[in-house]
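S.K.: predicted model follows, preceded by the sequence.
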Amino acid sequence: MKTKLLTAVLGLAVSGLALSHASAATLDDVKARGTLRCGVNTGLPGFASQNDAGQWQGLDIDYCKAVAAAVFGDVSKVQYVPLSAVQRFPALQNNEIDLLARNTTWTMNRDTALGLDFAGVNYYDGQGFMVKKELNINSALQLSGATVCVQSGTTTELNLADYFRANNMEFNPVVIEAQNDVNGAYDSGRCDVLTTDQSGLYASRLELAKPDDNIVLPEIISKEPLGPAVRGGDSQWFDVVKWTHFALLNAEELGITQANVEEMKASPNPEIQRMLGVGSTFGADAGLANEWVVNIVKGVGNYGEIFERNIGASTPLGIARGQNALWTKGGLQYAPPIR
């Protein structure tokens, strides 16, 4: 009996070690490879697009950089993998990427049936509609009978059908895989309406032949909490990505910026000291350097800096913080404390 019990205990111990190893697999693989493979949009201004020099930029791109900074202390150690809406989930599931940061809506189906873990919401959004001004339409409730361009493989398709059905309206969908092709179809007059997340509408409008000839209608017809996702079953990697997001929010709340992060290490505030690795081991506990937050903020700034640099009021998109303001300023962005 004792022999059997000892064997069982050893078996559980070995099993526990195996599970522990499995849970650390992605972080170990990323470190061994020396780069983070980050799945991003093929081209969405403000979130993920390439500039004239071929450099990637945008809010989601900065999230990729933030995770690289947390792991390596170097924002350049990212391999960007452009993915369509249809390609994004198989790429993550099949281990072709380590992180999906591609304006992706957190839903129950994706969290359960697809086996993904969402690490937070980096942009609260909602689906809307864009039309040409010449149609003299000022409400989505006037769109019955319209031809609507929509991207395939997205929550947008279902929301579109639900909205028109709920309001007893007819519509003709034009379903296209690539967002650039969706925009082109709308711009050429193949459809009357373009629908996607409202942030995407403002980004898409910039790429039209005559942006000012188009308006975004006021209705928001869905909840679209967008955020980075990882494969399920890897708790350590999930923690790294999740707490990178929380670090960006906490840094903004505590006034830690890209410009002052080094001097803030001398702050008398114990919460700031803990975050910045002064006398704490939170980084090491997660498999990172103790100055992981310092590296993140040095690399990309805090959440507010990322927002304003890529999609804020001074950018061509001109998006107000709104729901994406910190909870202390009437918004929804809230992070658990680092302690």
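M.R.: Now that the structure is in, tell me what you want to look at.
S.K.: now the phi/psi pair for I256, please.
M.R.: Dihedral angles phi and psi of I256 (degrees, to the nearest 10) take the values phi -90, psi 120.
S.K.: enumerate every residue touching it.
M.R.: M264, I272, M275, L276, V293, V297, N302 (C-beta atoms under 8 Å, 6 or more residues apart in numbering). The C-beta positions use only the backbone N, C-alpha and C, and glycine is treated the same way.
S.K.: take those and write them to CSV, including pLDDT.
M.R.: CSV is the format used below for those (pLDDT from 0 to 100):
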residue, pLDDT
M264, 98
I272, 97
M275, 96
L276, 97
V293, 98
V297, 98
N302, 98
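S.K.: out of these, who's nearest S222?
M.R.: Ranked by distance to S222 (C-beta to C-beta), the contacts of I256 are led by N302 at 28.5 Å.
S.K.: quick revisit: for A25, state which of the contacts of I256 is nearest.
M.R.: V293 (24.1 Å).
S.K.: these two touch, right, the closest one and G277?
M.R.: Yes: under the criterion of C-beta atoms under 8 Å, V293 makes contact with G277 at 6.9 Å.
S.K.: now the common contact residues for those two.
M.R.: G283.
S.K.: ok, these two, which is more surrounded?
M.R.: Between V293 and G277, V293 has the larger neighbour count (other C-beta atoms under 10 Å), namely 31 against 20.
S.K.: burial count for the closest residue to F118 other than its chain neighbours?
M.R.: Computed as C-beta to C-beta, 6 or more residues apart in numbering, the closest residue to F118 that is not its neighbour in sequence is W106, at 4.3 Å. Per other C-beta under 10 Å, the neighbour tally for W106 reads 20.
S.K.: wait, W106 touches T155, no?
M.R.: No: the pair W106 / T155 is not scored as a contact, 9.9 Å apart, by C-beta under 8 Å.
S.K.: check which helix or strand covers R88.
M.R.: helix 85-93 (DSSP states H and E).
S.K.: output stretch 154-168 as CSV - backbone C-alpha positions only.
M.R.: Provided in CSV are the C-alpha atoms of stretch 154-168 (Å, rounded to 0.1, in the frame of the first residue of the first chain):
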residue,chain,number,x,y,z
THR,A,154,-15.9,39.1,-38.0
THR,A,155,-18.5,39.8,-35.4
THR,A,156,-19.6,42.6,-37.7
GLU,A,157,-21.5,40.2,-40.0
LEU,A,158,-23.7,38.8,-37.2
ASN,A,159,-24.3,42.3,-35.6
LEU,A,160,-25.3,43.6,-39.0
ALA,A,161,-27.9,40.9,-39.6
ASP,A,162,-29.2,41.2,-36.0
TYR,A,163,-29.6,45.0,-36.3
PHE,A,164,-31.6,44.9,-39.5
ARG,A,165,-33.7,42.0,-38.4
ALA,A,166,-34.5,43.7,-35.1
ASN,A,167,-35.6,46.9,-36.9
ASN,A,168,-37.6,45.1,-39.6
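S.K.: contacts for that stretch, please.
M.R.: 85, 105, 107, 127, 140-141, 143-144, 148, 150-151, 170-171, 173, 175, 195-197, 221-222, 224.
S.K.: and the pLDDT for A8?
M.R.: In this model, A8 is scored at 38, pLDDT.
S.K.: identify the residue nearest the spatially most central residue of the chain in space, chain neighbours excluded?
M.R.: Centroid-nearest residue in the chain, with C-alpha atoms, centre = their mean: G227, separated by 3.2 Å. Spatial nearest neighbour of G227, chain neighbours left out: V121 (4.6 Å); criterion: C-beta to C-beta, 6+ apart.
S.K.: name the helix or strand for that neighbour, please.
M.R.: Here V121, judged by DSSP H and E, is contained in no helix and no strand.
S.K.: list the contacts for it?
M.R.: Applying C-beta under 8 Å, 6+ apart, we find V121 in contact with W106, P225, L226, G227, L332, Q333.
S.K.: circling back: quick check, the residue nearest to the centre of the chain in contact with W106.
M.R.: Yes: using C-beta under 8 Å, G227 is in contact with W106, at 5.6 Å.
S.K.: pull up the overlap in contacts between these two.
M.R.: By C-beta under 8 Å, 6+ apart, the residues touching both G227 and W106 are F118, V121.
S.K.: before we move on, the earlier item: the helix holding R88 - what's its average pLDDT?
M.R.: For helix 85-93, the mean pLDDT works out to 96.
S.K.: what about T35, neighbour count?
M.R.: With other C-beta under 10 Å as criterion, T35 counts 16.
S.K.: before we move on, the earlier item: just the buried residues of the helix holding R88, please?
M.R.: Neighbour counts over helix 85-93 (16 or more other C-beta atoms under 10 Å) mark A85, Q87, R88, F89, A91, L92 as buried.
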